[in-house]
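*Asks:* Pasted the sequence and its predicted model underneath.
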Amino acid sequence: MSVLGASRRFRSTARGSRPRSRSGSRSGCRSKPGAGSQVVAQAVLLAAPLWVLALSSVLGDVTRWSLGPDLVLAATAAAAWTQPRRGAVVFALAIGLLVDTASGTPFGWVPARLAVLTALFASLRDAVSAPAVGFGVVYLFAIADRLLEAGALAVCQGLALQPFVPRALLIALATAAVGPLAISVGGFLHREAHP
């Protein structure tokens, strides 16, 4: 066997024993499956105060009902029940500030009211942890919010509280009807945004 043949054979075995770095680097650059849906879900959650208000406004203009569901309350209750407590409170503050500009109560009352109720219901969620309580959660949340709003109007504007109570109960009932759907959407977005 010649020296030239032996050196060729040595080179071929040396090449076969080298680790292949190209394929390893390619697999490291690939994105995780589902990363696109995670980004979309996070964007939807971040913009939720805006699109919930827009949807609520459109729904009110189309249906013209005065005792229909309050989508702001349904979304805030769903956030309290499905999102981490800090994120839910931030959502309540953000949507409360947007709603506060058109309310007849002192500035800051709506975000404070929604944030306190959200923190309270998020604490209850940790204690109860029952899966199918959407209707009751949203109903209690909406009743508490509407009664607090009626009390604030009665104190600030000197209005009688009695006419507001039946209306508050009917709006809370209509809001609770969309509660399970709102909680399902909130839970889905949370699972997609934080897999």
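*Replies:* Structure received. Residues are numbered from 1 along each chain as shown.

*Asks:* What is the subsequent helix or strand relative to the helix or strand of the chain with the lowest mean pLDDT?
*Replies:* Within the chain, no helix or strand scores below helix 21-29, which has a mean of 47 by mean pLDDT, DSSP states H and E. Using DSSP states H and E, the helix or strand that follows helix 21-29 towards the C-terminus is helix 35-46.

*Asks:* roughly how far out does that next one sit from the chain middle?
*Replies:* Counting by CA atoms, centre = their mean, to the nearest Å, helix 35-46 is centred 11 Å from the centre of its parent chain.

*Asks:* what packs against it?
*Replies:* helix 179-193 (3 or more CB pairs under 8 Å, 6 or more residues apart in numbering; DSSP states H and E). C-beta here means a position set from N, CA and C on the backbone, and glycine is covered the same way.

*Asks:* Return the mean pLDDT over the helix it packs on, rounded to an integer.
*Replies:* Helix 179-193 shows a mean pLDDT of 84.

*Asks:* That one to helix 35-46, inter-axis angle?
*Replies:* Angle, helix 179-193 to helix 35-46, by axes from the mean of the first three to the mean of the last three CA atoms, to 10 degrees: 130 degrees.

*Asks:* For helix 179-193, list every residue counted as buried.
*Replies:* For helix 179-193, the neighbour count (16 or more other CB atoms under 10 Å) marks 179-180, 182-183, 185-187, 189-190, 192-193 as buried.

*Asks:* got a list of contacts for that helix?
*Replies:* With contact meaning CB atoms under 8 Å, 6 or more residues apart in numbering, helix 179-193 is reached by 37-38, 40-42, 44-45, 71, 74-75, 77-79, 81-83, 134-135, 137-139.
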